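Engineer: Have a look at this prediction, sequence included:
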Amino acid sequence: MVLPLSSLSDALVAGGCIRPTTLLAGLRHGTVSPRRFPVALLLTASGLMVEPFAWLQTLWFQRRMKTCACPDDPVVVIGHWRSGTTYLHQLLAADPAAATARNHFTIAPQAALVLKPVLTPLLKWVMTQHRPIDAVPWGAEDPQEDEVGLARLTMDTNMVGVAFPQNYPRHFRRAVLNSTPEFEQTLLRFTQLTWLHEGAGKTHLVIKNSAHTARIVLLLRLFPRARFVYLHRRPIDSVRSLVQVKQRLAHLVGLQEPPSSLQQVEQTAAAHDQLQEAFARSRPLIPKGQLVEIAYDDLVQSPLITLQRIYSALQISGWDSAREAIAARIAKGTAYQAEPVVLEPEAEQRLQALLS
């Protein structure tokens, strides 16, 4: 198996530059398939190249990390994957006053503060024009889900189930539905790094992470005034789309052969229900005024009105100054046409049986 150049750059952005200690920890969670050795080699080599800069970052920024005061009221976008969370993140991140994790940060958060002058022009040069999982236009400065960056630092993320897709349900239960004190500290450190990297002159922090839908208790412990935007879509549509995305990610950065589409449907549908149940249990813990729920169709059909509603409901300051930039981002995306999602007939039939 030899990765073409375009897939090589996509794989680096999606999963490269993992810390060596994280990769070693991964060996306790799954076995690398022989045909996936080239991917494992890419992840290992890129991580080793970045590691000296990670040491420098720890040395140079340890004092600032200790005194870094992240906002305790971040705006957190949650909801099942493929429910419009990426689109909403793009719009919220268009606000000039918003700090968020972006591709040039999440590719190597352990060294991004040191490598900041290098990573943006490098990624602008090597990145493909469209995201490999769904053909959405993307670039170095586009916002990125923080679970992708956290995967460089810990094996306690949903991305472990992407790396080891044959055992996805076990990893989902372990790393999404449950958590550890070590992950909590890593999440806090990652958020501090995000703020140090992006927060200068900004008024608020935006976090997008579908896995956080099951981590409400943890997030409120770290950020008592966290403000949540929960997106919901017809389950059958979001699950169908996620099955396709997981298959593509497994081919791109997986360390095991991907399961069949039928198996993906069954696993993804079960995980969808578990994620929603976890949110339903913790939803009453969110203080009044710190949650707004948005329908996927409302976001897609009336994005600017929906954004204004979010700013008002969560009391995010600066709508008047943010409106123009958000409207420009909406206009930029009008030419995008979502790819049709077509599963194998047997997988589609099973999906219909489970969720229709």
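Structural biologist: Received, thanks. Numbers count the residues shown, from 1 in each chain.
Engineer: so what's the residue nearest the centre of the chain up against?
Structural biologist: Centroid check for the chain by CA atoms, centre = their mean gives residue 145 as the closest residue, at 2.3 Å. When contacts are counted by CB atoms under 8 Å, 6 or more residues apart in numbering, residue 145 touches 85-86, 89, 101, 106, 208-210. In short, each C-beta sits where N, CA and C put it, glycine included.
Engineer: repeat that with 6 Å
Structural biologist: For residue 145, the contacting residues are 208-209, by CB atoms under 6 Å, 6 or more residues apart in numbering.
Engineer: Use 442 as the first number from now on
Structural biologist: Taking 442 as the first residue, the last one we looked at is residue 586.
Engineer: pLDDT wise, what is residue 447 at?
Structural biologist: Predicted confidence (pLDDT) for residue 447: 55.
Engineer: Over to residue 571?
Structural biologist: Per-residue confidence (pLDDT) for residue 571: 84.
Engineer: neighbours around the residue nearest to it when sequence neighbours are not counted, how many?
Structural biologist: Counting by CB to CB, 6 or more residues apart in numbering, residue 578 is the residue found nearest to residue 571 once chain neighbours are left out, at 5.7 Å. For residue 578, the number of neighbouring residues by other CB atoms under 10 Å comes to 14.
Engineer: Ramachandran angles for the residue nearest to the centre of the chain?
Structural biologist: Here is the backbone geometry of residue 586 (degrees, to the nearest 10): phi -60, psi 130.
Engineer: so how far is residue 574 from it?
Structural biologist: Shown here: residue 586 relative to residue 574, a distance of 11 Å by CB to CB, to the nearest Å.
Engineer: and if you look at residue 556?
Structural biologist: For residue 556 relative to residue 574 (CB to CB), the value is 25 Å.
Engineer: Ok, residue 584 next?
Structural biologist: Taken as CB to CB, the span from residue 584 to residue 574 is 15 Å.
Engineer: Residue 715 too?
Structural biologist: 22 Å.
Engineer: Wait, residue 709 touches residue 683, no?
Structural biologist: Yes. Using CB atoms under 6 Å, residue 709 is in contact with residue 683, at 5.4 Å.
Engineer: Between these two, which has more neighbouring residues?
Structural biologist: Higher neighbour count among residue 709 and residue 683: residue 709, with 26 against 23, using other CB under 10 Å.
Engineer: measure that one to residue 550 for me?
Structural biologist: Distance from residue 709 to residue 550, by CB to CB: 27 Å.
Engineer: can you list contacts of stretch 788-797?
Structural biologist: For stretch 788-797, the external contacting residues (CB under 6 Å, 6+ apart) are 676-677, 681, 702-703, 706, 710.
Engineer: Who has more neighbours out of residue 584 and residue 574?
Structural biologist: In this view residue 584 and residue 574 are compared by other CB under 10 Å, and residue 584 has more residues nearby, 26 against 21.
Engineer: What's the per-residue pLDDT of the nearest residue to the more buried one once chain neighbours are set aside here?
Structural biologist: Counting by CB to CB, 6+ apart, residue 584 lies nearest to residue 534, which is 4.0 Å off, once chain neighbours are set aside. Looking at residue 534, its pLDDT reads 98.
Engineer: ok, residue 534 - contacts?
Structural biologist: The contact partners of residue 534, taken as CB under 6 Å, 6+ apart, are 541, 584, 647.
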